[in-house]
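Colleague: build me a model:
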Amino acid sequence: MKRNLSYLASIVIMISLLFSGCASQPKEKEVVKVNTDYLQITDDAGRSVTLTKKPQRIAVLSPSLLDALYGVGGTAIARPSSKTFEIYPSSQMAGEVGFEHDINIEQLISLQPDLVIGIQGTHDELIPILENIKVPIIILKIKKYEDIVAKVKLLGDIAGTPVRAQGLIDKMQMKINAVEAKLPAQSKKVAILHATAKNVTMELDNSIAGNIAKMLKMRNIATGSTPLESDPDMGSYSVGKLVEGDADVILVVTRGSRVDIETIMKTDIASEPEWAKLRAVQSGQVFYLPSEFFQLNPGIRFHEAVDYMAKKVYPDIYGYAN
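Modeller: All right, here's what the predicted structure looks like:
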């Protein structure tokens, strides 16, 4: 019996030593993968784009986004040609790569960008070309005020200046709030025409001017109209619709030579009897809006566009626009 007990005790001791030995073995270190990428972006085309490091050679293909990039403290090595006023003169140092709707891809590539920023619906065709040569490109939508805010934040992240970007947003919003605070209780009804040398359409609420009119509580007579297949921001136009809506104010956004288009429109107004029936025509409330605010997106000057429209429609409250 004693021999058996001694034998069992030896087995227990051996097992204890075995487990003790296992416990004392150093554990294998867990491999933790740290994401060292600079920024992960999902653009407005639904694409996921990874920036492995902070971009140093940014090409911006839209004047509005170019101003926003410089507004948050960034810089660019390439920019579109533009006939409009630039907020940041230093952006003129960047190499030109053609107009926004006609980018010279060879010139763009020759500048060796490490990030290209384009506009949805305008620069989508550049995606496969740039992806093929391993140049990151993000495609952004920029129309409504909410788009501006989101893109300023994104550009602040890209430039590494999120605090400055938020400060820029806060200043814009403060100025817009000041305009909205003085809006009259009784809003006005507006018609927003989009005129080229060849045709006229009516702008809906998602256009730049339509969005600003909505922010200013104006009633767009085209709200609820069926969008055109060729442009979801526009609806069909007829003088009959203008007569039916009988807006207090008619706002005209021109695309092309403003002088030529304004001459054509004034000739049509004078020669078309139906136009004479319109309240806006009878009271002289037909205004032509500046293209840099309402045809092109005003970007970080959005508050200026809001102020301009408010002055045109409510001069007795805001004063007269230049």
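Colleague: helices along this protein, start to end?
Modeller: In the chain, the helices defined using DSSP state H lie at 2-24, 63-71, 105-110, 126-132, 145-159, 162-180, 208-215, 239-245, 258-271, 273-276, 279-282, 291-294, 302-313, 315-318.
Colleague: deepest in the core, which of these is it.
Modeller: helix 63-71 (a mean of 26; mean count of other C-beta atoms under 10 Å). In short, each C-beta sits where N, CA and C put it, glycine included.
Colleague: for Ile119, find the nearest of the helices of the chain.
Modeller: Closest to Ile119 of the helices of the chain is helix 63-71 (C-beta to C-beta; 7.4 Å).
Colleague: what about the helices of the chain, which gets the closest to Val49?
Modeller: helix 126-132 (9.7 Å).
Colleague: who's in contact with that closest one?
Modeller: 45, 47, 103, 105, 108-109, 116, 118, 136-137, 139 (C-beta atoms under 8 Å, 6 or more residues apart in numbering).
Colleague: again, only this time at 10 Å
Modeller: For helix 126-132, the surrounding residues in contact (C-beta atoms under 10 Å, 6 or more residues apart in numbering) are 43, 45, 47, 49, 59, 61, 103, 105, 108-109, 113, 115-116, 118, 123, 135-139.
Colleague: emit the ChimeraX select command for whichever of those are buried.
Modeller: Listed next is the ChimeraX selection for buried residues among the contacts of helix 126-132, using 16 or more other C-beta atoms under 10 Å:
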select :43,45,49,59,61,103,108,109,113,115,116,118,123,135,136,137,138,139
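Colleague: just the contacts of helix 126-132: which are in strands?
Modeller: Among the contacts of helix 126-132, DSSP state E puts 49, 59, 115-116, 118, 137-139 in strands.
Colleague: for the spatially most central residue of the chain, which non-adjacent residue is closest in space?
Modeller: Nearest to the geometric centre of the chain sits Ile142, at 2.2 Å (C-alpha atoms, centre = their mean). The shortest distance from Ile142 to any non-neighbouring residue, by C-beta to C-beta, 6 or more residues apart in numbering, is to Asn297 (5.2 Å).
Colleague: what's around that neighbour, how many residues?
Modeller: Look at Asn297: counted by other C-beta atoms under 10 Å, it has 24 neighbours.
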